[in-house]
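In: I would like to see how this sequence folds:
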Amino acid sequence: MNKSPKLVCKNVWKLYGDKPKEFLQIHNNNPDKKTIEAGGYIQAIRNASLEVYENEILVIMGLSGSGKSTLVRCMSRLVDPTIGEIFFENIDMGKLTKKELIEIRRHKMGMVFQHFALFPHRTVIENIAFPLEVQGINRKEREKSAFEIIDLVGLQGRENYFPKELSGGQQQRVGIGRSLAVKPELWFLDEPFSALDPLIRKEMQNEFLKIQNSLKKTIIFITHDFDEAIKLADRIIIMNEGRIVQIGSPEDLIMKPADDYVKEFTEDLPRERLLSVKSIMDNKKETNSSATVYEDEKIFSILEKVLSKGSVSVIDRSNNIVGSLSKETVSKFINN
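Out: Coordinates of the predicted model:
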C-alpha cells in the first residue's frame, strides 16, 4: 500500500499480573504461552506489530477475548502497553505526558463504542457539540459545526430531540457525530453496530461508508462479524489469544489464509460474491476473445459471460488489458 502510516505499533505486549515488565525482561521479551500462564500472568496482547495507513479502514477481528479492544486501547494509550512502541504521526506516544496524551485524544482522535453513552439530559445538537464545548469553543461556532455533522449523519430535523426520543440507530448516529465533532485524524470504532437490529445495522454500515467516502478518515474498526469486515475493510487483522495471526485484504484472507484459524472465519462465505476478478485472473494477457470484464468486478457478476465466451480479457478502469480469465479457471474456482 503506497500510503504513509498514520499510526505504527512495534512489538507491543500487554500482560496483566505482578511486575509484568520485569517478567518479560527476564524471558528476553518473548516468553511462550505456557511460561506466561505458569508465572500467573494473563496475556492480553502478544508482540503486536502493525502499521495503519492514512485514509484506510483497518478492521480488527477475532473471537471474544482475542485482544481486539485491548490492542485499540493501547493504540490510543487509554491503556499503557507493558512494553513496545506506538507512534502516532511520528510522535512516540510512550514519551508524552498525561496532559499531552489528553490533548492528542481531545483534538486528533475520535472514539465510538458499542454503548453510545449519550448524555440523557442533552439534546442531539448538545451531545454532538459537547467535545467542542470541552475545547472551549464558543457556542455559535460549536453549534455551526454540530449542524454540519447532523446533516452528515442524517439527523436533520432531530436537532432538539433527547436520546430517549431516538431509535437505537439514531442514537448511534449521534455517537458517531459526536466523535466526528473534533475532526479527528484517527477514528476508533469498537463494535459500534453490534447492538443494533440487522436491518438497522446494514443501514448504518452503508451510512458509515458514505461518511468515509466524504471525509477520508484513517479508521480502526473492531468487529466480530466477518460479513461486516468484508464490506467495510481495506485491510483486516485477525487476532487470536492476543496475537496477530494475519493482516491482509479481504481477498488475501479468503484466498491465502495464514492458518486453520483464519480459514475457519472464511470457509462458509460465498466467495464468488466477495472476491473480484483480479483475485483469480491469469496475468497472461493473450486471449482470442474480444469480450472484456473489469478487474474489480465481483466474480458472480461475470460468470455467465465467461462461461458462454470461453475466455475474456480483463481490463482496468482505464481500459488497459491487465490479464485474462478462462472458462476452465472459473469452473475450477466454483468447484473448489
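
In: remind me what the helix or strand bottoming out on mean pLDDT in the chain packs against, helices and strands.
Out: Across the helices and strands of the chain, mean confidence by mean pLDDT, DSSP states H and E is lowest for helix 271-274: a mean of 78. The contact analysis (3 or more C-beta pairs under 8 Å, 6 or more residues apart in numbering; DSSP states H and E) places helix 271-274 against helix 250-255, helix 299-309, helix 327-335. Where you see a C-beta, it was placed from the backbone N, CA and C, and this is true even at glycine.

In: need the ones you listed in a markdown table (columns: mean pLDDT).
Out: Below are the helices and strands packed on helix 271-274 laid out as a markdown table (pLDDT from 0 to 100):
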| stretch | mean pLDDT |
| --- | --- |
| helix 250-255 | 86 |
| helix 299-309 | 87 |
| helix 327-335 | 84 |
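
In: which stretch among these comes nearest E85?
Out: helix 250-255 (26.0 Å; C-beta to C-beta).

In: give me the helices and strands touching the closest one, please.
Out: Helix 250-255 makes packing contacts with strand 235-240, helix 260-266, helix 271-274 when contacts are defined by 3+ C-beta pairs under 8 Å, 6+ apart.

In: okay, these, which one's buried deepest?
Out: Comparing the helices and strands packed on helix 250-255 by mean neighbour count (mean count of other C-beta atoms under 10 Å), strand 235-240 comes out on top with a mean of 24.

In: burial count for P198?
Out: 8 (other C-beta atoms under 10 Å).

In: how near is it to P270?
Out: From P198 over to P270 the distance is 17 Å, taken as C-beta to C-beta, to the nearest Å.

In: and M281, by the same measure?
Out: Counting by C-beta to C-beta, the gap from M281 to P270 is 19 Å.

In: now K305
Out: The gap separating K305 from P270 is 19 Å, by C-beta to C-beta.

In: name the residues that touch stretch 264-274?
Out: The list of residues contacting stretch 264-274 from outside it, by C-beta atoms under 8 Å, 6 or more residues apart in numbering, reads 61, 226-227, 230, 238, 250-251, 253-254, 257, 298-300, 303, 333-334.

In: identify the residues contacting the most far-flung residue of the chain relative to its centre.
Out: For the chain, the residue at maximal distance from the C-alpha centroid (C-alpha atoms, centre = their mean) is N288, at 41.6 Å. The neighbourhood of N288, defined by C-beta under 8 Å, 6+ apart, consists of S311.
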